[in-house]
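S.K.: Fold the following.
(chains A and B)
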Number of protein chains: 2
Amino acid sequence: MRIAIDAVGGDNAPDEIIAGVLESIEQLDKDDELILVGPEDLIESQLKSRKCPKGAVTIVHAPDIIGMADVPIETLRKKPKSSIAVLAKLAKRGQTDAVISAGNTGACVAAFQMRMRNLPGVNRPGIAVVFPTPEGPVVICDVGANIACKPINLYQYALMSIVYSRRMLGIENPRIGIMSIGSEDAKGNEIVKKAREMIKADPNMNFVGNIEGRDIFEGTCEVVICEGFVGNVILKLTEGLVDGLFKAIKQELMEEKLRLVMKFKPVMKRIYTKYDYNTYGGAPLLGLNGTALICHGSSKSRTIKNAILASKKLYTEKINDKIVECLSETCVRTPDE
Amino acid sequence: MRIAIDAVGGDNAPDEIIAGVLESIEQLDKDDELILVGPEDLIESQLKSRKCPKGAVTIVHAPDIIGMADVPIETLRKKPKSSIAVLAKLAKRGQTDAVISAGNTGACVAAFQMRMRNLPGVNRPGIAVVFPTPEGPVVICDVGANIACKPINLYQYALMSIVYSRRMLGIENPRIGIMSIGSEDAKGNEIVKKAREMIKADPNMNFVGNIEGRDIFEGTCEVVICEGFVGNVILKLTEGLVDGLFKAIKQELMEEKLRLVMKFKPVMKRIYTKYDYNTYGGAPLLGLNGTALICHGSSKSRTIKNAILASKKLYTEKINDKIVECLSETCVRTPDE
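M.R.: Sure, this is the predicted structure:
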């Protein structure tokens, strides 16, 4: 299998990206191919200094870099030789089986969608992240690929997330919840209400109905579907809140006794490890005709390594074939957008 | 001033509600009047057992109770003598200056809006909650009054929240952020983009532009405006996440050493006290032609007491007059819905 990685995407590129790629090698098969995409000189000097075994990694030159704050579509147009644009082209031409980037999410979504297109029957791809919770992993889809969400998109997110959590997380019959503002059926906006009817009409879905923000952490369901705007707010709020709370605890402990901070440190570390989303590597763009993983901007080498391993599993488990199969079998109509 | 309180709203009613009302008495003025609304017998027996001073509280009989899970409008129609419906009628008839309930939020919003109507110039009221953060209090509006949000609503939430945070929290020139999915101007859905233009066009607003979920806790701004759906998810996610995280910490500490749990307990307690939203009593329904506070379903006596004191401040500070004044002076058009 061929896996192409954006060498210059993310806050810690290229160091952590290259390190992650090299770390992954020993867990891959001999005939797997790793392709680093980015400025050739930069990648070469990085590989040299890290004593990369010869032939272990191929380089595809992409001189331009899209910044994390750049406006996606505008920048893609201006920088056709950016690493993200080149990644997408490699996938389109069948020169790679998977693409991975920790760069500008908007640019990734736009480029990958434009070049790789959707799977047959899929109206809009959605980004699926895994939230590690005390009750087990919870898949949340979409967290920002699509901010003009329609009911059919939400229905398809549910269907794709079931396939994903079954094959990738080993959850055989995941319960589906739809994010709303109250657990009763009458609650929610028009999109939520219509999507709920579609999901209810599908006997293959283990649907628990509306859920609320707090339910994500309480073991109410294993799959949460929501509009990309709402999902993105959830993702970033959770990150900010966890960091803020740990900071507050540390402050309080320091006021108490410095010794207590030291004692609390391993506990915090264990919690970080237990609920570390980096374990899952990156978030797949489900519904794309290809395998694409988008990693957090702050990704470290471990995240990148895990993303490479996840892309291999997504590919070998034939997640996409299974999604197409499920979509073709569903009784719920999927009108053209 | 006359303040009417729903005696039977919330998970801890009537005990905590009545207790909170009685606790508030000593902090009110002699000519303030407290009105308890609910089943007469129930309230009377509660007051008797608590040795309420004679004449301190008036009772208005409302035999019916709306449950926390009841469908708002349907139930209001079926139960015209419910405590929430009677509260709204008292306000409409000018028989009270403020209404407070910890009951069914949807029913409160529907009843209060229907009977009390909007302030001149306000298109839709919004619920404003105060989030206590390490960087100080942050007002978030709307958290669920309106789930069919238009750009003008978001603009007005900003304007009303400025008045609220200035008069109630003493923040003279609050910075306004609009909740979106990226800090750059190009990010966001159509409603956010249009609202942003309106706010930008108002020279009186200290506008920081788009913010993301994590910014709430990082001191980026003092006012966050968002659609009611998004705000409601933020509110409930935050509650659930804080509870879940503390539970996880406790679990980890117990695995470590039981003695450590005991040491950590006062720290957790201090954090709870420091970041306790109950301090703010309840969330006002800003934009209503009257004073209405909606309290959390889990409100304890302290929350109710604080809500009573907050309603008095909202009233005496003439928040509503100030909102009308600001709306009439703004250069941003407010089209009829």
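
S.K.: alpha carbons only for contacts and neighbour counts from here, please
M.R.: Fine.

S.K.: okay, and for chain A, where does confidence drop off?
M.R.: Residue ranges of chain A with pLDDT under 70: A:333-337.

S.K.: Go again with 90.
M.R.: A:51-56, A:68-72, A:133-135, A:147, A:182-188, A:239, A:242-281, A:330-337 (pLDDT under 90).

S.K.: which one's the longest helix in it?
M.R.: helix A:228-256 (DSSP state H).

S.K.: Past that one, which element shows up next along the chain?
M.R.: helix A:258-274 (DSSP states H and E).

S.K.: which of the residues in that next one are buried?
M.R.: A:Leu260, A:Val261, A:Phe264, A:Val267, A:Met268, A:Ile271 (16 or more other CA atoms under 10 Å in any protein chain shown).

S.K.: repeat for stretch A:67-75
M.R.: Buried residues in stretch A:67-75, defined by neighbour count with 16+ other CA under 10 Å: A:Gly67, A:Met68, A:Val71, A:Pro72, A:Thr75.

S.K.: Let's see which of those residues end up in helices.
M.R.: Filtering those for helices - DSSP H - leaves A:Pro72, A:Thr75.

S.K.: quick one: which of the buried residues of stretch A:67-75 is nearest to chain B?
M.R.: Nearest to chain B among these, counting by CA to the nearest CA, is A:Val71 at 6.7 Å.

S.K.: Does that closest one touch B:Ala186 like I think?
M.R.: Yes. Taking contacts as CA atoms under 8 Å, A:Val71 lies within contact range of B:Ala186: 6.7 Å.

S.K.: Tell me which residues touch the most centrally placed residue in chain A, please.
M.R.: Geometric centre of chain A, nearest residue: A:Ala283, 1.0 Å, by CA atoms, centre = their mean. The neighbours of A:Ala283, taking CA atoms under 8 Å, 6 or more residues apart in numbering or on different chains as the test, are A:Ile127, A:Ala128, A:Val129, A:Val130, A:Leu293, A:Ile294, A:Cys295.

S.K.: do the same with A:Asn104
M.R.: A:Asn104 sits in contact with A:Gly9, A:Gly10, A:Ile66, A:Gly67, A:Met68, A:Ala69, A:Asp70, A:Pro72, A:Gly297, where contact means CA under 8 Å, 6+ apart.

S.K.: Against chain B, which of those residues make the cut? List them.
M.R.: Contacts with chain B are made by A:Ala69 out of the contacts of A:Asn104, judged by CA under 8 Å from any CA of the partner chain.

S.K.: Output the contacts of A:Asn104 as JSON lines; include the columns distance to A:Gln156.
M.R.: Supplementary listing: those in JSON lines, determined by distance: CA to CA, whole Å:
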{"residue": "A:Gly9", "distance to A:Gln156": "29"}
{"residue": "A:Gly10", "distance to A:Gln156": "29"}
{"residue": "A:Ile66", "distance to A:Gln156": "30"}
{"residue": "A:Gly67", "distance to A:Gln156": "31"}
{"residue": "A:Met68", "distance to A:Gln156": "29"}
{"residue": "A:Ala69", "distance to A:Gln156": "30"}
{"residue": "A:Asp70", "distance to A:Gln156": "30"}
{"residue": "A:Pro72", "distance to A:Gln156": "25"}
{"residue": "A:Gly297", "distance to A:Gln156": "27"}
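
S.K.: from the contacts of A:Asn104, which is closest to B:Gln95?
M.R.: Closest approach between the contacts of A:Asn104 and B:Gln95, by CA to CA: A:Ala69, at 54.9 Å.

S.K.: In contact with that closest one: list those residues for me.
M.R.: Each residue near A:Ala69 by CA under 8 Å, 6+ apart is listed here: A:Asn104, B:Glu184.

S.K.: And it, its phi and psi?
M.R.: The phi/psi pair for A:Ala69 (degrees, to the nearest 10) reads phi -100, psi 0.

S.K.: Kindly report the same for A:Asp215.
M.R.: Note on A:Asp215: backbone dihedrals following degrees, to the nearest 10 are phi -70, psi -20.

S.K.: Skipping its backbone neighbours, what lies nearest it in space?
M.R.: Once flanking residues are discounted, A:Asp215 sits nearest to B:Gly240: 7.1 Å by CA to CA, 6 or more residues apart in numbering or on different chains.
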